[in-house]
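>>> Quick one: sequence plus predicted model below, questions after.
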Amino acid sequence: MADPPDSRDERWRSHLRLGWGTVFVFVVLGVALEMLHAFKADVYLGADQLTRRLMWRLAHAHGTLLGLLNLAFYATARELRFSVAGERAASLGLRVATLLMPAGFFLGGLWLYGGDPGLGVLLVPLGGIALVVATALTARAAW
C-alpha cells in the first residue's frame, strides 16, 4: 500500500526541519563548550572532568553530523528507489538516531560515576542500531 504523496512529502520535510534544528542546537552547544573552555570552567576543564569533556564533545559532533545527515536524506530521498516500508523505516531510524545518540552522550557526561559516564550513555547503542538500519536501507535504495 503506497503512501499518499502528501504524507511522503511531509516525512521528507520533517528531515529538513530536524536537520536544520539539530545543526542549530549543536552549533550552539559547540559555542557553549568553547565558552567553558575560554573561561577555564572547572566543571569542564578540571583534571577529573576528562569523561565529561569527551561525552559532551561526542554529543556536539554526533548531533551536528546527524543534523547534516538529515539534510542529505531530505535532498536525496525523492531520487531513491525505496519500498514504502523501507522508506518509512529509514526515515524513522534516522530520526531516532538523531535524538538518541547525541542525547545519550550529553546525558552520559551530565552525571558521572567516578571516571565512568552516566546511565544516559545507554541510549547511544540504541541510536547506533537505528542509524545502521537507516543507512543500510538508504544505501540499498541508492543501488
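Received the coordinates, thanks.

>>> all helices for this protein, in order.
Taking DSSP state H to define them, one finds helices in the chain at 5-38, 42-45, 50-76, 84-110, 123-142.

>>> right, so of those helices, which gets closest to residue 117?
helix 84-110 (3.4 Å; C-beta to C-beta). The way it works is simple: take the backbone N, C-alpha and C, and place the C-beta from them, glycine included.

>>> Point out where the protein drops to low pLDDT.
Low-confidence segments of the chain (pLDDT under 70): 1-6.

>>> so how far is residue 40 from the nearest residue to residue 57 once chain neighbours are set aside?
Excluding the flanking residues, the one nearest residue 57 by C-beta to C-beta, 6 or more residues apart in numbering is residue 33, at 6.9 Å. Distance, residue 33 to residue 40, by C-beta to C-beta, to the nearest Å: 13 Å.

>>> Which of these two has more residues huddled nearby?
Relative neighbour count places residue 33 above the other of residue 33 and residue 40, with 17 against 9, counting by other C-beta atoms under 10 Å.

>>> Does that one touch residue 60 like I think?
Yes. When contacts are counted by C-beta atoms under 8 Å, residue 33 is listed as touching residue 60 (6.2 Å).

>>> Check which residues of stretch 40-56 are buried.
44, 49, 51-53, 55-56 (16 or more other C-beta atoms under 10 Å).

>>> scratch that, stretch 62-80 is what I was asking about
Neighbour-count burial for stretch 62-80 [16+ other C-beta under 10 Å]: 62-67, 69-71, 73-74, 77, 80.

>>> Pick the one among the residues you listed closest to residue 22.
Distances from residue 22 to the buried residues of stretch 62-80, taken by C-beta to C-beta, are shortest for residue 67, at 3.3 Å.
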